[in-house]
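1. need a structure here:
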Amino acid sequence: MLPILEEMITTGAWWDYVDGLATNHLGHLLRTHPREVRRTVLVWARSADLWKRRSAILCQLHFKGDTDLDLLYECIERAMDSHEFFLRKAIGWALRQHAKTDADEVRRYVMRHRHRLSGLSKREALKGLLRGGRVKAVP
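-> Prediction:
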């Protein structure tokens, strides 16, 4: 299934198509075959292809407490310095989603990497946490 997903992601090449493939199908494969698919996700995180990199970041979006933070952070690390909007947005979205499960961990991560994360990634990551003044904005 991975070669088919890879073909669909690279030829689909737009967020509205790729995000569903990444969060649902790639995520399902990662859940059911973690060892094998994790290796592929790490390869995709290093790819020159923007959509494979975005998919690597987003594939655990619905994992909640089952999120492999080492994998997520490795995928984010590979995209953190990019100026590409779709990668910056994906980083923030993945972190914001994980904050629903572990807000303190996301705050810590954003603070630790505040000088490398884009403003967009930080705003997206902390969006739900900023409501009601629960956390100050990160510089």
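
2. chain center to the host helix or strand of residue 121, what's the gap?
-> Residue 121 belongs to helix 119-130 when assigned by DSSP states H and E. Relative to the centre of its chain, helix 119-130 is centred 13 Å away, using Cα atoms, centre = their mean, to the nearest Å.

3. just the buried positions in it, please.
-> By neighbour count with 16 or more other Cβ atoms under 10 Å, helix 119-130 contains the buried residues 121, 122, 123, 124, 125, 126, 128, 129. For glycine as for every other residue, the C-beta is placed from the backbone atoms N, C-alpha and C.

4. now stretch 21-37
-> For stretch 21-37, using 16+ other Cβ under 10 Å, the buried residues are 21, 22, 23, 25, 26, 27, 29, 30, 37.

5. what does that stretch rub up against?
-> Contacting residues not belonging to stretch 21-37 are listed as 1-2, 5, 8-9, 12, 38, 41, 54-56, 58-63, 66, 68 [Cβ atoms under 8 Å, 6 or more residues apart in numbering].

6. try it again with 7 Å
-> 1-2, 5, 8-9, 38, 41, 54-55, 58-62 (Cβ atoms under 7 Å, 6 or more residues apart in numbering).

7. give the PyMOL command for selecting the buried subset of those.
-> Burial among the contacts of stretch 21-37 is assessed by 16+ other Cβ under 10 Å; the matching PyMOL selection reads:
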select buried, resi 5+9+38+41+54+55+58+59+60+61
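
8. now for the contacts of stretch 21-37: which two are most distant?
-> Maximum pairwise distance among the contacts of stretch 21-37 (Cβ to Cβ): 19.9 Å, between 8 and 38.
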